[in-house]
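K.L.:
next input, structure requested:
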Amino acid sequence: MNSTIAILVQADLRSLTRARWQLAAAGLGAVVLLGLGLTSDGTELQRNAAGVFSLGGLALALGIGAPALVRDLERGTFALSASAGASLTDLGWSRLISRSIGVLGVLGIWALAAQIGAALGGRADEALLIHMLLTALVFLMVMLAAAGAATLMGVVAGGIFGIAVLISAQAIVNVKAADDQGLLGSGGELVQAAYWFLPRMLISPMIASLQRADEGGPVAPQFEINGNVADIPSSGVDSVLWVIAWCGIFFGLSIVGLRRREL
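P.N.:
Sure, this is the predicted structure:
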C-alpha cells in the first residue's frame with residue numbers, strides 16, 4: 001500500500017466513524033445481540049442471534065458498499081482529490097479498503113457483543129462465534145459486489161446485484177448438496193460447474209446442525225427438492241478460500257468499473 005492510499009484510507013475511516021447511521025447501526029446491533037446473549041441460550045440463542053446478524057449484516061453491507069464509489073464520484077469529491085494528485089485507482093483502492101474495514105469492524109463488534117452477553121450468562125457459544133465470522137466474510141463479498149456493480153449500473157442496481165449474489169451463492173450450495181446426494185435427477189454437470197466457478201455461501205457447522213434438526217427457523221430452513229430434504233454440509237477450507245478469492249475478484253472489478261467512469 002503506497003502512502004497516498006494509506007492517507008486516503010485513514011481519512012475515509014475517520015469519515016465513517018462520524019457517520020451517524022453507521023454509528024447507530026453498530027450500537028443498536030451490539031445492544032440487541034448483547035441482550036440475546038444475556039436472555040437466551042442453546043438453540044434459541046443461535047437461531048435468534050444468527051437471524052439478527054444476517055439481516056443487519058446484509059443491510060450494512062449494501063448500505064456501505066453500494067454507494068462506496070459512486071456517490072463521491074457523482075458529487076465531484078473524487079475529482080477534487082484527483083486534482084490534488086491522487087489517481088482514480090488510488091481513490092478506488094483506498095475507498096474499498098476503508099469500507100471493508102468498516103463492514104468487518106461493525107460485524108466484529110456485533111459478534112463480540114453476542115459472546116459477551118452469552119459469557120455473562122455463563123453460556124459462551126463458540127459455534128455461534130464461528131458462524132458469525134464465516135458470515136462476515138460472505139457479507140464482505142456482498143459489499144464488494146454491490147460496490148462494483150454500482151459503478152456500472154448505479155447505487156440501487158448495485159444493491160440489487162449484491163442481494164442477487166447472496167441468493168445465488170446460497171442456491172448453488174443447496175443444489176450442489178442435493179446433487180451430491182442423488183436428489184436432483186438431472187442437470188448435475190451444470191450444477192457442479194456453477195459450484196466450482198461462482199460465489200458460494202459459507203455454511204457454518206452451527207447452521208448445518210440447526211438445519212438437520214429443523215430448528216434453524218427462517219435463517220436456516222431445510223432445503224427440500226423432489227419431495228426430499230437435502231442435508232447441507234458445513235463448508236470446508238476450500239469454500240472459505242473460494243469466497244476470499246471472489247472478494248478479490250469483486251474488488252478488482254470495482255476498480256475497473258470506477259476507472260471506466262469520467263471524473
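
K.L.:
use CA for all of it now, contacts and neighbours both
P.N.:
OK.

K.L.:
tell me how many other residues crowd Ala171.
P.N.:
16 (other CA atoms under 10 Å).

K.L.:
so what's it scoring on pLDDT?
P.N.:
Ala171 is assigned 94 on the pLDDT scale.

K.L.:
repeat for Ser83
P.N.:
Here, the pLDDT recorded for Ser83 equals 68.

K.L.:
equivalent analysis for the one 10 residues further on, please.
P.N.:
We have a pLDDT of 90 for Trp93.

K.L.:
that one against Ile5, yeah?
P.N.:
Yes: counting by CA atoms under 8 Å, Trp93 touches Ile5, with 6.9 Å between them.

K.L.:
and for Gln22, the neighbour number?
P.N.:
Counted with other CA under 10 Å, the neighbours of Gln22 add up to 18.

K.L.:
where's it relative to Tyr195, distance?
P.N.:
Noted for Gln22: a distance of 34 Å to Tyr195, by CA to CA, to the nearest Å.

K.L.:
same thing with Ala113?
P.N.:
Taken as CA to CA, the span from Ala113 to Tyr195 is 34 Å.

K.L.:
more neighbours: which of those two?
P.N.:
More crowded of Ala113 and Tyr195, by other CA under 10 Å: Ala113, with 22 against 19.

K.L.:
which residues does that one contact?
P.N.:
30-31, 33-34, 37 (CA atoms under 8 Å, 6 or more residues apart in numbering).

K.L.:
hmm, try it at 7 Å
P.N.:
Neighbour list for Ala113: 30, 33-34 [criterion: CA atoms under 7 Å, 6 or more residues apart in numbering].

K.L.:
and those residues, which is closest to Thr135?
P.N.:
Thr135 lies nearest to Leu33 out of these, by CA to CA, at 15.2 Å.

K.L.:
surely that closest one meets Asn48?
P.N.:
No: counting by CA atoms under 7 Å, Leu33 sits too far from Asn48 to count as a contact (8.9 Å).

K.L.:
higher neighbour count, those two?
P.N.:
More crowded of Leu33 and Asn48, by other CA under 10 Å: Leu33, with 27 against 20.

K.L.:
report the separation between the residue nearest to Pro67 when sequence neighbours are not counted and Ile163.
P.N.:
Leaving aside its sequence neighbours, Pro67 sits nearest to Val155 (CA to CA, 6 or more residues apart in numbering; 5.6 Å). In this view, Val155 and Ile163 are 13 Å apart by CA to CA.

K.L.:
done for today, thanks.
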